[in-house]
Each structure stands twice: as structure tokens, then as C-alpha cells.
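Peer 1: sequence first, then the predicted structure:
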Amino acid sequence: MNTPLITIFVRHSPGCKYAGDEFCKRCNCRKHLRWTQGGVQQRRKAGTRSWGEAEEQKRRLEDQLAGRTPQVDPAEKRTPIDEAVRLFMAAKKNDGLEPPSLAKLQKSVDRVQAFAEGAGLYFLDDINLTHVSTWPWTNYFKTTHTLRNNQSRVKSFFRYFETAGVLPANPAKAWKSIKGKVEQVSGFTAEEYARILKAIPKCGWSEEMQLKMRALVQVMRYAGLAMIDACCLERSQIQHGKGEYRIRLKSRQKTAKKAHLQPIDNAIPVEAGQDLVAVLNGNPRYVFWNYRGEGAASDEQKRAVSEKFFQRYMRTLLDQAELPKATSHRFRHTLAIEMIRHGASFEDVAATLGNTVAVVAKFYSHEWAKVRQRRTDKAVKATWKK
């Protein structure tokens, strides 16, 4: 008797973003089995939301329909990759990692799952060193710095299951460290910054959006705020008095795995402060706020939605200014670098950005070295005078 061809398909839940693809392996909707026998189509629930477990159900059904009685060791339990991803992220959440750290981990392990399923691997123990070391990571993590961070996260993913006894060995343990020169960060030049401001009216936006983007650019450049802090700036965080404008808030240090809020108290030019006040919208709390979501959502989720909204506009602006490789974070780098050029210490820059001194030294030591060399040269040349 010929064994019928069994197909796995998905019945998507309402609102699933993959609803148009009944063979999607990445969503968490219920999996089903379909085959034709005796001219009649048959269907059965796979009883799982995991594609890997559905593959196992498919194999068992094939044995059943073919009349085979497979010898299965009841102690044997293979872990599907999508289930491993879920367990790993649940464990890290229970460890107390903050949402930004969890988001970075999620991106890396999702990539492991996507690469594995693309190669026809559905169980954790199917993956070996040749897989993790040859998958095209550079398609998604482009700089040496992000590649190294991603490599570390992938190794920790497999190490967790090795420690838990699920895997006999970590397949990524022997993955050699990614080589390459870490590109030094740079800020915008005065000419580039002027070009960005001049490009705002050329983007085809409404007058209201032009005012918002001009104010947003200035608060990022002069207060050194990251995009999420800038676009979610609160009215109460703008201080005005005695002809001076200041930005006062507490920003989460992005280097910390635990929540640690660093006070920021930065003066900004009067023109930037006036532009900020001019764009105050109808929201009683926020300056720029553009959250358009519906239903229940945490403050963190709402902030993330608002950030994505303004990141799209920022990408358009930087492209219009003929800076396609630039990102919004370069405004922050611009402030730090200009401070160092004007004699600020690493401690000063760390306090301004809400970072640690170690992070400032890591990213801006090349600029400090230039300042030190100029100062040294000046002192050496002073000794030439008779």
C-alpha cells in the first residue's frame, strides 16, 4: 500500500501577520495535517503550535498509515527549535533582563530558528558547528561590533541547553571569534548637520511635521538623546527659566542588564528650546508623541511604537540629505565628540549622555587620543622657544 503524501499547514489565528501563508513556519498558530486517501481528502489536528513537533506528528502518521510500528524509546525527547527559543527567552525573562536586552536576544535566536528551518532543521540537536559558522549572519548583522555581539548571544543560547542537559555539547562552542576591525563611531560635521536641517522642507511633509522634525533633530543633537528618549520627551522634562532651556530626565543606561536610570540635565540652545515649545501638541504629557495603537499596551510598548514612527521619518530625512548610511544615533555621537574636542573629560561626557565612563571610553577614545596628541604637540613645541 502506498503511503499518502502528508502536508503540514497552518490555520492562522485572527490578526496573525502571516495569515496569507498557510505553510508559514514562523508563526505560533495551530498546525494541522492534510493528506488524500482513497480519493478523499483527510485532515487532522497536529495538536501543536510548533512546526518541529508537527513534523514529528507527520512522521508518526506516515508510519501509522504505512502499517509500520516504529520502535520509539519513551525516554527520548527531542526539542524542537521553536520550542527551544520559547524556553530560552522565558528563562532570560525570569532572570530579570530588561526589555531592551531581551529584544536583542530575541533577534538573535529568531535568526537561529529562521536559518535552521530554512536548512530543513527542526530540532535543536540537528544543529552542528558547520551550520552556525556558515549561516549568512552578515546579511542581518552588518558591522563587526554587532556580529561579535550576535555571536556571543548565539553561543549563550546553545550553552544554556548544554548546561540544562538537553544538548550533549554546545555546537557553537568552537565557533571562532569573528575577526575584523571595529569601525570607530563618528558624528555629523557642521556641514552635514546644516544639510540635514535644509533638507527638512524638501521631504514633502506637512508644516506641522516639518516643525516636529526640526525640533526633534535639534534636541537629539544638543541634548544627546537617543531616539526613544527624544521622541518620547515629556513636557515636564523641558525646563525654561532665566533665558535658558534645559532637558532634564532619567534615561535607562543601555549597557545595564538591570534597570538603572541615569539622570540627564543638559542645557540646549535657546533656538532649539523655542522650537521644542512651538511643537507642543494636544497630548497632555508628551511633546512629539505619535502612538496610534489600539487596545491594552504597556508604556514600554507604546514608546517603542512611537520610536518606530519617527525612525521612518528620520530615515527619509537622512536620505534626502544624501546621508544614506547615517543613523539617528549619530546626533548623539556628534555631541559627545564635540564635547571631547572642547576639553570635556570622559566623566563629563558620560554624565551628559547617561552612560558609564567605560562605555564612553570604548566608543570615543579615538577622539580623545587626537585631542591629547594636539595638546602634547603644543606642549612640546612650547619648549622650542628660546
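Peer 2: That came through fine.
Peer 1: show me where the stretch 151-300 of the chain has helices.
Peer 2: Using DSSP state H, counting those that start in this stretch, the helices of the stretch 151-300 of the chain run over residues 190-199, 207-223, 227-231, 270-278, 299-320.
Peer 1: so which of those comes closest to residue 122?
Peer 2: With CB to CB as the criterion, residue 122 lies closest to helix 299-320 of the helices of the stretch 151-300 of the chain, at 30.7 Å. All C-beta spots, glycine's among them, are computed from the backbone N, C-alpha and C.
Peer 1: angle of the closest one against helix 190-199?
Peer 2: 100 degrees (axes from the mean of the first three to the mean of the last three CA atoms, to 10 degrees).
Peer 1: buried stuff in helix 299-320?
Peer 2: Judged by neighbour count using 16 or more other CB atoms under 10 Å, the buried positions of helix 299-320 are 302-304, 306-307, 309-310, 313-314, 317-318, 320.
Peer 1: farthest pair within those?
Peer 2: 302 and 320 (28.0 Å).
Peer 1: pipe the helices of the stretch 151-300 of the chain into JSON lines and attach distance to residue 5 and mean pLDDT per row.
Peer 2: As requested, the helices of the stretch 151-300 of the chain are exported to JSON lines (distance: least, CB to CB, whole Å; pLDDT from 0 to 100):
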{"stretch": "helix 190-199", "distance to residue 5": "57", "mean pLDDT": "96"}
{"stretch": "helix 207-223", "distance to residue 5": "54", "mean pLDDT": "94"}
{"stretch": "helix 227-231", "distance to residue 5": "49", "mean pLDDT": "90"}
{"stretch": "helix 270-278", "distance to residue 5": "64", "mean pLDDT": "91"}
{"stretch": "helix 299-320", "distance to residue 5": "42", "mean pLDDT": "89"}
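Peer 1: let me have these in a markdown table, extended by distance to residue 33.
Peer 2: Output for the helices of the stretch 151-300 of the chain, formatted as a markdown table (distance: least, CB to CB, whole Å):
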| stretch | distance to residue 33 |
| --- | --- |
| helix 190-199 | 55 |
| helix 207-223 | 51 |
| helix 227-231 | 44 |
| helix 270-278 | 58 |
| helix 299-320 | 35 |
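Peer 1: to residue 60, which of those helices lies closest?
Peer 2: Closest among these, once you apply CB to CB, is helix 299-320, at 39.7 Å.
Peer 1: the closest one to helix 207-223, inter-axis angle?
Peer 2: Going by the same axes, to 10 degrees, helix 299-320 makes 100 degrees with helix 207-223.
Peer 1: quick one, what contacts the closest residue to residue 236 other than its chain neighbours?
Peer 2: Spatial nearest neighbour of residue 236, chain neighbours left out: residue 285 (8.0 Å); criterion: CB to CB, 6 or more residues apart in numbering. Going by CB atoms under 8 Å, 6 or more residues apart in numbering, residue 285 touches 234-236.
Peer 1: would you mark the buried spots in the helix or strand residue 104 falls within?
Peer 2: For residue 104, the host element (DSSP states H and E) is helix 99-118. For helix 99-118, the neighbour count (16+ other CB under 10 Å) marks 99-101, 105-106, 108-109, 111-113, 115-117 as buried.
Peer 1: what do you get for stretch 41-54?
Peer 2: Quick answer for stretch 41-54 (16+ other CB under 10 Å): 46, 48-54.
Peer 1: now the helix or strand bottoming out on mean pLDDT in the chain: buried residues?
Peer 2: Scoring the helices and strands of the chain by mean pLDDT, DSSP states H and E places helix 51-65 at the bottom, with a mean of 83. Across helix 51-65, burial judged by 16+ other CB under 10 Å covers 51-58, 61-62, 65.
Peer 1: do the same with stretch 238-250
Peer 2: For stretch 238-250, by 16+ other CB under 10 Å, it's 238, 245-247, 249.
Peer 1: contact partners of it?
Peer 2: With CB under 8 Å, 6+ apart as the criterion, stretch 238-250 contacts 219, 223, 225, 229, 233-234, 237, 261-270, 272-274, 276-277, 287, 354.
Peer 1: and with 10 Å instead?
Peer 2: With CB atoms under 10 Å, 6 or more residues apart in numbering as the test, stretch 238-250 has contacts from 219, 222-225, 229-230, 232-234, 236-237, 260-277, 280, 287, 354.
Peer 1: just the terminal-to-terminal distance for that stretch.
Peer 2: 13 Å (CA to CA, to the nearest Å).
Peer 1: mean confidence score for it?
Peer 2: For stretch 238-250, mean pLDDT is 90.
Peer 1: quick one: it to chain centroid distance?
Peer 2: 31 Å (CA atoms, centre = their mean, to the nearest Å).
Peer 1: could you number the chain from 33 rather than 1 from now on?
Peer 2: Right, with 33 as the first residue, what we last looked at is stretch 270-282.
Peer 1: then whatever helix or strand comes next after the helix holding residue 136 to CSV, C-alphas only?
Peer 2: Where DSSP H and E defines the elements, the next helix or strand beyond helix 131-150 is helix 161-166. The C-alpha trace of helix 161-166 is given here as CSV (Å, rounded to 0.1, in the frame of the first residue of the first chain):
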residue,chain,number,x,y,z
LEU,A,161,29.1,23.7,14.1
THR,A,162,29.1,23.7,10.3
HIS,A,163,25.6,25.2,10.5
VAL,A,164,26.2,28.1,12.9
SER,A,165,29.5,29.0,11.4
THR,A,166,28.4,29.2,7.8
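Peer 1: now do helix 161-166: which elements does it pack against?
Peer 2: helix 131-150, helix 176-195 (3 or more CB pairs under 10 Å, 6 or more residues apart in numbering; DSSP states H and E).
Peer 1: to residue 372, which of the ones you listed lies closest?
Peer 2: Of these, nearest to residue 372 by CB to CB is helix 176-195, at 19.9 Å.
Peer 1: packing partners of that closest one?
Peer 2: helix 113-126, helix 131-150, helix 161-166.
Peer 1: mind running it again at 8 Å?
Peer 2: helix 113-126, helix 131-150 (3 or more CB pairs under 8 Å, 6 or more residues apart in numbering; DSSP states H and E).
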